Each structure stands twice: as structure tokens, then as C-alpha cells.
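**Q** sequence and predicted model, in that order:
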Amino acid sequence: MPQSTDAIAYAARHRARFLQELQEFVAIPSVSTLSEHQADMRRAAEWVAAQMRSIGLENVAILPTGGHPVVYSEWLHAPSKPTVLVYGHYDVQPVDPLNEWNTPPFTPTIQGDNLYGRGASDMKGNVHETLKALEALRHTGGIPLNVKVLIEGEEEIGSQHLEAFIASHTAMLKCDLCLNADSGILGPDAPSLVAGLRGLAYFELWVYGPAQDLHSGLFGGSIHNPAQVLCELIAGMHDENGRVTLPGFYDKVRELSPQDHADYARFPIGDEQWKAMTGAPELWGEHGFSTKERTGARPTLEINGLLAGFTGEGSKTVLPAKAMAKISMRLVPYQDDKLVEKQLKAYIAAHAPPTVRWELKSTTLSAPGVLLDRESKGARAASAALRDTFGEEPLFAAEGGSVPVVTQLKQKLGVDSVLLGFGLPDDRIHGPNEKLYLPNYYRGIETFIRFFENIAG
């Protein structure tokens with residue numbers, strides 16, 4: 001009888017405890033971007049380390065970085081077997097706007113088949129699934145391969161210090177394959193694997209006018225309003241067909257093949273479901289592409305935030321001295337974040353009037369797009385594990401999100417990654433009322449058990 005059968009039975013017997021542990025994890029407000037949660041970040045790291053010790057993993061350590069710490073452990077008792085590096089993160093996004101949550105974001109609440117709470121889906125649920133899979137194997141014959149586990153605390157702020165950490169710990173992290181659990185599937189009963197990831201470039205565009213805020217009655221009409229200029233600039237960054245207008249923006253974008261279009265046509269969520277998930281009155285995007293193609297295989301330019309003048313309650317007749325827009329671009333493979341920065345600057349230089357001055361600030365949030373090998377050993381092992389758990393062949397699909405560690409591990413360790421996780425498109429990650437679909441939390445543990453055994457075999 002395969003060991004996975006015993007391990008899956010073990011996981012089924014301990015579901016109640018597993019769920020209680022997950023709720024403890026989600027209850028820790030490990031918001032990496034806010035300094036007031038510094039102690040909570042340390043508490044989350046210690047919670048993960050305690051879980052690793054309880055499983056029996058060895059050399060458990062909370063290791064410093066230039067920011068929030070990394071939690072590391074290993075199990076290296078299979079000398080003839082491959083070594084898999086398991087990657088995840090324990091940090092979460094801020095909860096704003098708090099008033100739109102139906103339940104307190106750090107009071108994990110079960111409603112029906114869902115667990116609601118910040119980080120439940122992104123990605124504490126997936127982290128816990130991998131650990132529980134290792135626990136189940138450990139208690140039913142032993143972990144059948146070599147495992148190293150790396151759980152970081154800065155993914156939600158761009159993994160700012162992870163690249164340097166990897167570079168200074170290459171011997172410790174040496175492996176044959178990375179299992180990256182920061183991922184999801186296409187639907188509750190639609191298993192899938194990530195075939196590619198979009199990259200990311202993030203900027204702040206500042207437009208400056210007068211030396212200070214001015215009275216709009218005295219000076220309005222004589223001074224070009226920086227907020228107006230900024231709005232006109234960003235409005236011109238798309239044309240009437242939803243295409244980005246930066247010069248050369250699409251030069252390196254690969255055209256989709258007929259097979260690509262056919263693969264995306266199998267996406268199980270239609271436009272009406274997509275609209276219902278978002279709450280938008282209608283969908284929008286680049287003409288000539290389906291919704292899934294727009295979100296997985298085409299580049300985008302989005303305005304993530306705007307700031308200008310008086311934004312408090314009530315009125316203040318002010319002509320602002322400056323205005324700012326936060327701009328992100330999701331880049332497909334072969335696009336380059338440094339090149340699109342030059343393209344953005346060229347667009348602004350060509351369209352900004354002489355009545356203002358402007359400044360474009362780049363940020364540390366950047367990563368190239370990635371294509372993953374569908375025929376790699378890791379992809380085949382994950383595909384078989386999904387098939388055996390869900391009872392059907394998984395789809396391969398490019399995803400819209402960006403995971404910088406995939407590129408960092410390839411560059412520093414020379415290893416490929418397989419992205420295997422169980423978040424759903426309607427889990428509302430990064431927004432109010434984030435949730436985790438519990439039936440797939442349990443199926444995720446089963447899948448990871450099978451994945452580890454497949455790699456070992």
C-alpha cells in the first residue's frame with residue numbers, strides 16, 4: 001500500500017486540529033508593510049517555527065534579514081532522493097478599508113465552507129497545508145525525500161531582502177527543485193498549474209506646480225492645477241481600445257498562438273461569474289482578447305492610488321501644489337522593467353506641459369515575467385498529484401500575479417519552481433472579506449502528500 005494512503009488517512013483523522021491551528025495562524029496580524037505590526041511579524045515567525053519543531057523538522061531557525069526574518073527548517077535523511085525547497089510567506093496585506101469587512105479580519109470566522117480572515121488564502125492556508133502534509137508523512141513511515149522549508153516575511157512588500165538572503169545562503173538552500181505554494185487553482189473543482197507569471201514594475205509619478213497650496217478663488221484660472229495635469233496624463237496612458245499608449249510598450253510582447261487561445265478558452269469561469277466576483281457593472285480591457293487572456297497573458301498598466309490637495313471630510317477650496325499617482329504595470333515574459341520605465345518617462349516627457357515639473361520615482365517592487373516548463377519533473381509530479389486528488393486532468397494557465405522569488409531562485413540557485421497552491425479567484429485576496437475554501441484546504445494537504453511522494457519516486 002502506498003505511504004500516501006496512510007498519510008492521507010492521518011490527515012483526515014486530524015482535520016479538526018489542523019483547522020484550529022490554521023485559525024491560530026490567521027489570527028496573528030502579520031502585516032509586513034506597517035511598522036506597528038513589527039511585534040506581530042515576530043510572533044508569526046515564531047508560530048511557524050513552533051509548527052516546524054512539532055512536526056519534527058530539524059535545524060529550525062528564525063534567521064535575520066535586512067527587514068522581517070525568514071523561518072527555515074530541513075529534513076535531510078534520504079541520501080538517494082531529491083531535495084525539494086518549500087517556499088511560502090507568513091506576511092499579509094493591510095486590511096483597509098476595515099469598514100467593508102463583514103467579520104473582523106483577524107478573528108478567523110467559519111461561514112459555510114469558507115474560513116474568513118486576512119491571509120487565510122494568501123497564503124497562510126497554503127503554508128499550513130505544506131506543513132501538515134509533511135507532518136502526515138512524518139508520522140506514517142517518514143518523509144520520503146529531502147526537504148528544506150523557507151517561509152519569508154516580506155512577500156507582500158516585494159520580498160525586499162530575500163534576494164540578498166538567498167545569495168548569502170546558497171549552500172544552505174541548495175536543492176533540486178522549489179515547491180512554491182504561493183498559488184491557486186481556477187475553480188473549486190478545477191485543478192490547475194501555473195504555466196507562467198507576469199512580472200511587475202511599480203512607480204510613483206509626482207507632478208509639481210506652485211510652491212505651496214493656493215486659494216483656488218484667488219489663483220484658479222492662472223495656475224495650471226497639478227491634479228488636473230496628472231489626471232490628463234494618466235487618462236492618456238490607454239487608448240479607446242484599452243491598449244497602453246507608452247511608446248514601444250508592446251514591442252517585446254509575444255503574440256498568442258492558436259493553442260494558447262484554445263487553452264484559455266477552457267478557463268472554467270465565464271465573464272458573468274467574473275463580473276459577479278468583482279462587483280463591477282461591466283468588464284473592460286484590451287480589445288481582441290478574452291478576460292482570462294487579459295489577466296494572464298497580456299501586459300497592463302494600472303493606477304493604484306491618487307493623492308492631491310484636500311481629501312478630508314467637508315470642503316476646502318485649495319489649488320494643490322502637487323499631485324501623485326501610484327502606477328503599476330504587470331509585464332509578460334520578455335518585457336523588462338527597466339525598459340518600461342524608459343517608455344513611461346518618454347510618454348510623460350512628450351505629454352507633460354511646461355506649466356508643471358514632474359518626477360518619476362521607481363520602487364523596489366519589480367520582477368520579470370516567468371515562463372515555467374510544463375514538462376519538468378516537478379510539473380509532472382504536481383499534475384499527477386492534482387489528478388489523483390481531484391479526479392481530473394489539471395489545466396495549465398498563465399497567471400496575472402507576480403512572484404519575484406521564482407526568478408531569484410533561478411538566478412541564485414539555478415533551480416526551477418513548480419507553483420502549486422489552492423487559492424481561488426474569488427477568495428478576495430488583498431481586499432475585504434478574504435476567504436479560504438475549506439474543502440480545498442483539505443484537498444490541498446492530500447495533493448501535497450502525493451506531490452512529495454511523486455517526487456521521491
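**A** That came through, no problem.
**Q** distance check, residue 50 against residue 71.
**A** Distance, residue 50 to residue 71, using CB to CB, to the nearest Å: 10 Å. Using the backbone N, CA and C atoms, a C-beta is placed for each residue, glycine as well.
**Q** more neighbours: which of the two?
**A** Each of residue 50 and residue 71 has its neighbours counted (other CB atoms under 10 Å); residue 71 has more, 26 against 12.
**Q** break this structure into its domains for me.
**A** The record's domain split for the chain, according to automatic domain parsing, is 3-197+370-456, 200-253+299-367.
**Q** include distance to residue 264 and mean pLDDT when you put those into a markdown table, please.
**A** Compiled in a markdown table, these are given as follows (distance: least, CB to CB, whole Å; pLDDT from 0 to 100):
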| stretch | distance to residue 264 | mean pLDDT |
| --- | --- | --- |
| domain 3-197+370-456 | 7 | 95 |
| domain 200-253+299-367 | 13 | 95 |
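**Q** hey, which of these is tucked in deepest?
**A** domain 3-197+370-456 (a mean of 20; mean count of other CB atoms under 10 Å).
**Q** just the endpoints, please. Distance across that one?
**A** Using CA to CA, to the nearest Å, the end-to-end distance of domain 3-197+370-456 comes to 11 Å.
**Q** distance from it to the middle of the chain?
**A** Relative to its parent chain, domain 3-197+370-456 has a centroid offset of 12 Å by CA atoms, centre = their mean, to the nearest Å.
**Q** rewinding a little: how about the domains of the chain, which one is nearest residue 288?
**A** Closest to residue 288 of the domains of the chain, according to CB to CB: domain 200-253+299-367, at 7.9 Å.
**Q** distance between the ends of the closest one?
**A** Start-to-end span of domain 200-253+299-367 (CA to CA) is 5 Å.
**Q** and what of stretch 139-155?
**A** End-to-end distance of stretch 139-155 (CA to CA): 31 Å.
**Q** what of stretch 413-427?
**A** Chord length of stretch 413-427, first to last residue, is 32 Å (CA to CA).
**Q** which residues does residue 359 contact?
**A** Taking CB atoms under 8 Å, 6 or more residues apart in numbering, we find residue 359 in contact with 205-206, 208.
**Q** let's see 7 Å
**A** Going by CB atoms under 7 Å, 6 or more residues apart in numbering, residue 359 touches residue 206.
**Q** partners of the helix or strand it falls within in the sheet?
**A** In this assignment (DSSP states H and E), residue 359 forms part of strand 357-367. If you go by DSSP bridges, strand 357-367 pairs up with strand 199-208 (antiparallel).
**Q** now the element after the partner strand, going C-ward?
**A** Assigned by DSSP H and E, the successor of strand 199-208 is strand 214-215.
**Q** how far off centre is the strand holding residue 359?
**A** Its chain's C-alpha centre and that of strand 357-367 lie 20 Å apart, by CA atoms, centre = their mean.
**Q** tell me which helix or strand comes right after it.
**A** Downstream of strand 357-367, the next assigned helix or strand under DSSP H and E is strand 370-371.
**Q** what is the following helix or strand past that following strand packed up against?
**A** The helix or strand immediately downstream of strand 370-371 is helix 377-390, counting by DSSP H and E. If you count contacts as 3 or more CB pairs under 7 Å, 6 or more residues apart in numbering; DSSP states H and E, helix 377-390 packs onto strand 192-197, strand 417-419, helix 438-456.
**Q** now the helices for the stretch 101-250 of the chain?
**A** Per DSSP state H, counting those that start in this stretch, the stretch 101-250 of the chain carries helices over the ranges 125-138, 162-168, 170-173, 216-219, 226-235.
**Q** switch the ones you listed over to a markdown table; also include distance to residue 281.
**A** Converted to a markdown table, the helices of the stretch 101-250 of the chain look like this (distance: least, CB to CB, whole Å):
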| stretch | distance to residue 281 |
| --- | --- |
| helix 125-138 | 31 |
| helix 162-168 | 39 |
| helix 170-173 | 47 |
| helix 216-219 | 33 |
| helix 226-235 | 20 |
